[in-house]
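Visitor: Predicted model and sequence follow; I will ask about them next.
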Amino acid sequence: MTTTIIIELNRLDTDPKNVRKTYSHDSIVALAASIRANGVLQNLVVRTGKKGRYFVTAGGRRLKALLLLAEQGDIQKDHPVECKVRAGEDATEISLTENVMREDMHPVDAYEAFRALADQGKAIPDIAARFGTTEIIVRRRLALAKVSPKLLDLYRQEKMTFEQLSAFTVSDDHERQEQVWNGLSSWDRHASRIKSNLLTDEVASTDRRVPAFHREFAEYERRKCAEVA
């Protein structure tokens, strides 16, 4: 059975049974900014300790972010934190489940969420703070606005990699992007190849829209180079 209670921040301790031992400083800073803007959106899971203290079984990163906010003077050291209390024998399993089963937000979903806030006039630092991420990630996701919706949909269907998708951000010509993708053979759709074609305005020799004699000439040149090699 799970009981939800309010516990003062200065009565919470890191749980040695928490399977995650390492945290990125940058991720703590980003999460602290998010909590400052939106509060803690997911309750910490704790087990009882000694002398009225509690171990944080799930939510170690949230705890560190809260402690950082207290250190910076943004919240009080006895800031009330909503927690779910679970039995001690479940601690390791709960911690493992939270960390292993967690799934990062899909890049296109993130882009759409960030774009919605940007359209509302939110600045990139504010968007990063609200989502507990970095400004670099926000800028990279917003860059996907340059990519054709058809290609974004292919990525959602896992028919291309994120590296391939990102390569299309060097251009905002959707028709040209689709032409490059459709014109390249599946084995030749490397990110570098996509960028090169977009930047040089090159049409792949396999594109159906290229006249037959152009394709034949390209094939002749390829064979000629192979013989010289």
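Guide: Received, thanks.

Visitor: Where do the strands of this structure begin and end?
Guide: Ranges of strands within the chain are 3-8, 12-14, 44-48, 54-58, 80-85, based on DSSP state E.

Visitor: could you redo those as CSV and give each row distance to Asp173, mean pLDDT and mean neighbour count?
Guide: Using the backbone N, CA and C atoms, a C-beta is placed for each residue, glycine as well. CSV is the format used below for the strands of the chain (distance: least, C-beta to C-beta, whole Å; pLDDT from 0 to 100; neighbours: other C-beta atoms under 10 Å):
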stretch, distance to Asp173, mean pLDDT, mean neighbour count
strand 3-8, 53, 89, 12
strand 12-14, 51, 92, 17
strand 44-48, 48, 87, 21
strand 54-58, 47, 88, 24
strand 80-85, 50, 91, 18
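
Visitor: lowest-pLDDT helix or strand in this structure?
Guide: Within the chain, no helix or strand scores below helix 212-228, which has a mean of 46 by mean pLDDT, DSSP states H and E.

Visitor: just for the protein, where's the confidence low?
Guide: Within the chain, the stretches with pLDDT under 70 are 1-2, 19, 88-104, 201-229.

Visitor: quick one, domains of it?
Guide: By the assignment in automatic domain parsing, the chain contains the domains 3-100, 104-145, 147-229.

Visitor: and the first one, how far from the chain's centre?
Guide: A distance of 22 Å separates the centroid of the chain from that of domain 3-100, by C-alpha atoms, centre = their mean, to the nearest Å.
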